[in-house]
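J.: Predicted structure and sequence below. I'll ask about it afterward.
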Amino acid sequence: VDEMAWILLRSSHTTFVKETQDFAVALVTPDGETFAYPYGSGATPIMGVPMHAGTRAFDDWQPGDVLLTNDPYTTGGMVMHLNDIYLFLPIFVDGAVLCFAWAFIHCTDVGGYAPGSIDMQNNEVFQEGMRLRPFRLYRGGELNTEMWHVFADNCRIPALNWGDLTACTAALAKAEQRLQRLAQRYGRDAVAAAMHGTLDRTEQITRDVLARIPAGEYRFTEFFEDDYISDLPVRIALKLVSHGDGKVTLDYTGSDPQVRAALNLPAGGMKHHPFLSMGLVNFVVTKSEAIHINAGILRCIDLVLPEASIVNARFPAACGMRFTTAMRVHDLVVGALSQALPGELPAGGGNTLVVSYISTSELGERGRVVVANPVLSGSAGGPDRDGVSGTDFSVAFLRNVPVEVLESEVPVLVRGYGLIADSEGAGQYRGGFGTSYEVEVRHPSAVLVM
């Protein structure tokens, strides 16, 4: 998986993938559990999302098939907004599927109302771009040209998107080669046993960590100040239940209904989901001396999700900014957990991510849609150390876009990028400093979406 990540990173075309690293790769069991995931590349929060909607999409998988989808609703919450393009490749050994290679990219533009496809005031998913239920992009190694043309003709940067997709398929092909060689060397049965063995080991380590949480119920509530289209606050409620045996339930009953804005998180009513468990997953990894990061962690964290809510939206709710909600949920979980383990967890962070899209796609065929530098707040102070400046725990995987790269790709001038003095939270151990980013757009027809 580290090799897959390296190939995708070095071969991709769009700024948000090749610089910011909003992508991921993994190896997945036929039942849809992630058993191998990179340690230091790509988007870590998505680790462990149940993948059965992809691995079981077809019952006639053939060598050389590649599935593509970006639809949150027909995949039951596996995908979480339309900009996430998922690809699956079945890996055959001895004539049968051993496992799947998976890759995901944040596709900078998939059509829709706004350049970059995400706008906070979108109120239904149809405004957010092309929805593609699982289909074969490749069948037996042959490109499905008709379906590719449908997608390419409805996005603003087809050539750049094609470059990213070919980077993904190169990573998937490398995974196939490596797994088949591994099976050739050790035998199919040994590799299959190791796949499940590493999941079981991670589950046991996770149980040992979560068993330290005193049995009981712990409650916490968070709010968005508003829903972007009105002044009404949006409530997210949590009851964390520690069963005392290494199993924890996160019950979101009492959270507000889904909103007519792009904040909704379409979790598909799943029993396990990484975006709603991030705070607990980070706690487990931090408290473990040696753990393989895989879906074994999620086995120990059950979810209770109210139907048609902000954390479990129903079709056709807009969901482009669902990670904003996931960030708020991260601190919600940490807040509840800090009641169970006082003095062991950090405070609430800045909890803010600003992503800016700069589009010159209206200027002609060679126009671009580029993501400018993601602007992050600082993380919270901890029980024994200062917070980290310029990043927060839930988005620490995002890299910055070098000034030289951005200025070479779109007509902008970056006038300033740095930490903001005196923006930290006070305390014996202070919070991290926030960031300031000043960009001058130097073309009158360029479009800026934040």
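T.: Nice, thanks for sending it over.
J.: buried stuff in the one helix or strand residue 238 maps to?
T.: Taking DSSP states H and E as the criterion, residue 238 maps to strand 234-242. Within strand 234-242, the residues scored as buried using 16 or more other CB atoms under 10 Å are 234, 236-242. In this view, the C-beta of every residue, glycine as well, is placed from N, C-alpha and C.
J.: go on, stretch 252-266?
T.: Neighbour count says stretch 252-266 has 252, 255-256, 258-266 buried, by 16+ other CB under 10 Å.
J.: Make sure I have this right: residue 440 is in a helix.
T.: No: the assignment for residue 440, made by DSSP: H, G, I helix; E, B strand; the rest coil, is strand rather than a helix.
J.: Redo the buried residues of strand 234-242 as a markdown table? Include pLDDT and distance to residue 213.
T.: Shown next, in a markdown table, are the buried residues of strand 234-242 (pLDDT from 0 to 100; distance: CB to CB, whole Å):
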| residue | pLDDT | distance to residue 213 |
| --- | --- | --- |
| 234 | 96 | 28 |
| 236 | 98 | 21 |
| 237 | 98 | 19 |
| 238 | 98 | 14 |
| 239 | 98 | 14 |
| 240 | 98 | 8 |
| 241 | 98 | 10 |
| 242 | 98 | 4 |
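J.: Next up, the contacts around the closest residue to residue 103 other than its chain neighbours.
T.: With CB to CB, 6 or more residues apart in numbering as the criterion, residue 103 has its nearest non-adjacent residue at 4.1 Å, and that residue is residue 168. Contacts for residue 168 were tallied using CB atoms under 8 Å, 6 or more residues apart in numbering; they are 8, 85, 87, 103-105.
J.: Quick check: the farthest pair among those?
T.: Farthest pair in the contacts of residue 168 (CB to CB) is 8 and 85. Separation: 12.0 Å.
J.: Pull up the overlap in contacts between these two.
T.: Contact criterion CB under 8 Å, 6+ apart; residues shared by residue 8 and residue 85: 105, 168.
J.: follow-up on the earlier one: may I see the buried residues of stretch 252-266 arranged in TSV, with secondary structure as well?
T.: What follows is those, written out as TSV (three-state DSSP):
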residue	secondary structure
252	coil
255	coil
256	coil
258	coil
259	coil
260	coil
261	coil
262	coil
263	coil
264	coil
265	coil
266	coil
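J.: quick check, nearest of those to residue 121?
T.: Lowest distance from residue 121 to these (CB to CB) belongs to residue 261, with 6.3 Å.
J.: low pLDDT regions in the stretch 351-450 of the chain?
T.: Counting by pLDDT under 70, the stretch 351-450 of the chain contains low-confidence residues at 364-365.
J.: Run a quick neighbour tally on the closest residue to residue 395 other than its chain neighbours.
T.: For residue 395, ignoring the flanking residues on the chain, the nearest one in space by CB to CB, 6+ apart is residue 353 at 5.3 Å. Burial of residue 353 is recorded as 18 neighbouring residues (other CB atoms under 10 Å).
J.: Mind listing the residues bridging to residue 353?
T.: Applying DSSP bridges to residue 353 yields these beta-bridge partners: residue 376.
J.: That one contacts residue 376, doesn't it?
T.: Yes: between residue 353 and residue 376 a contact is recorded at 5.8 Å, counting by CB atoms under 8 Å.
J.: Overlap in contacts, the two.
T.: Shared contacts of residue 353 and residue 376 (CB under 8 Å, 6+ apart): 392, 395, 398.
J.: Output those as JSON lines; include the columns neighbour count, secondary structure and distance to residue 347.
T.: JSON lines is the format used below for those (neighbours: other CB atoms under 10 Å; DSSP: H, G, I helix; E, B strand; the rest coil; distance: CB to CB, whole Å):
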{"residue": "392", "neighbour count": "26", "secondary structure": "coil", "distance to residue 347": "12"}
{"residue": "395", "neighbour count": "22", "secondary structure": "helix", "distance to residue 347": "17"}
{"residue": "398", "neighbour count": "20", "secondary structure": "coil", "distance to residue 347": "21"}
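J.: Return the member of those residues nearest to residue 143.
T.: The shortest approach to residue 143 among those belongs to residue 398, at 31.5 Å (CB to CB).
J.: hang on, that closest one packs against residue 22?
T.: Yes: Residue 398 is in contact with residue 22 according to CB under 8 Å; the separation is 6.9 Å.
J.: need the helices for this protein, in chain order.
T.: For the chain, helices defined by DSSP state H occupy the ranges 2-11, 15-18, 52-55, 145-152, 158-186, 188-210, 278-287, 322-340, 403-409.
J.: Give me the distance from the second one to the chain's centre.
T.: Average the C-alpha atoms of helix 15-18, do the same for its chain, and the two points are 14 Å apart (CA atoms, centre = their mean, to the nearest Å).
J.: re the thing from before, any idea how far the residue nearest to residue 103 is from residue 105?
T.: Applying CB to CB, to the nearest Å, one obtains 6 Å for the distance of residue 168 from residue 105.
J.: coming back round to it: would you give the sheet partners of the strand holding residue 238, along with the direction of each?
T.: Strand 234-242 has its sheet partners listed here by DSSP bridges as strand 216-224 (antiparallel), strand 248-251 (antiparallel).
J.: Export that strand to PDB, keeping only CA atoms.
T.: As requested, C-alpha coordinates have been extracted for strand 234-242 and formatted as PDB (Å, rounded to 0.1, in the frame of the first residue of the first chain):
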ATOM      1  CA  VAL A 234     -27.400  22.900  14.000                       C
ATOM      2  CA  ARG A 235     -27.200  20.500  17.000                       C
ATOM      3  CA  ILE A 236     -25.100  17.300  17.000                       C
ATOM      4  CA  ALA A 237     -25.600  15.200  20.100                       C
ATOM      5  CA  LEU A 238     -23.700  12.200  21.400                       C
ATOM      6  CA  LYS A 239     -24.000   9.600  24.000                       C
ATOM      7  CA  LEU A 240     -20.800   7.600  24.300                       C
ATOM      8  CA  VAL A 241     -21.400   4.200  26.000                       C
ATOM      9  CA  SER A 242     -18.400   2.200  27.200                       C
END
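J.: That one vs helix 322-340, what angle?
T.: Relative orientation of strand 234-242 with respect to helix 322-340: 40 degrees, computed using axes from the mean of the first three to the mean of the last three CA atoms, to 10 degrees.
J.: what sits up against strand 234-242?
T.: The contact list for strand 234-242 (CB under 8 Å, 6+ apart) reads 210, 213-224, 226-227, 248-256, 259, 263, 310-311, 325, 328-329, 332-333, 335-337, 340.
J.: Any of the residues you listed buried? List them.
T.: When those are checked against 16+ other CB under 10 Å, the ones flagged as buried are 210, 213, 218, 220, 222, 224, 227, 248, 250-252, 255-256, 259, 263, 310-311, 325, 328-329, 332-333, 335-337, 340.
J.: right, and the helices of the chain - which one's nearest residue 271?
T.: For the helices of the chain, distance to residue 271 was read as CB to CB. The smallest value, 11.8 Å, belongs to helix 52-55.
J.: Show me the contact partners of that closest one.
T.: Counting by CB under 8 Å, 6+ apart, the neighbours of helix 52-55 from elsewhere in the structure are 28-32, 67, 69, 74-76, 78, 86, 88, 100, 102, 134.
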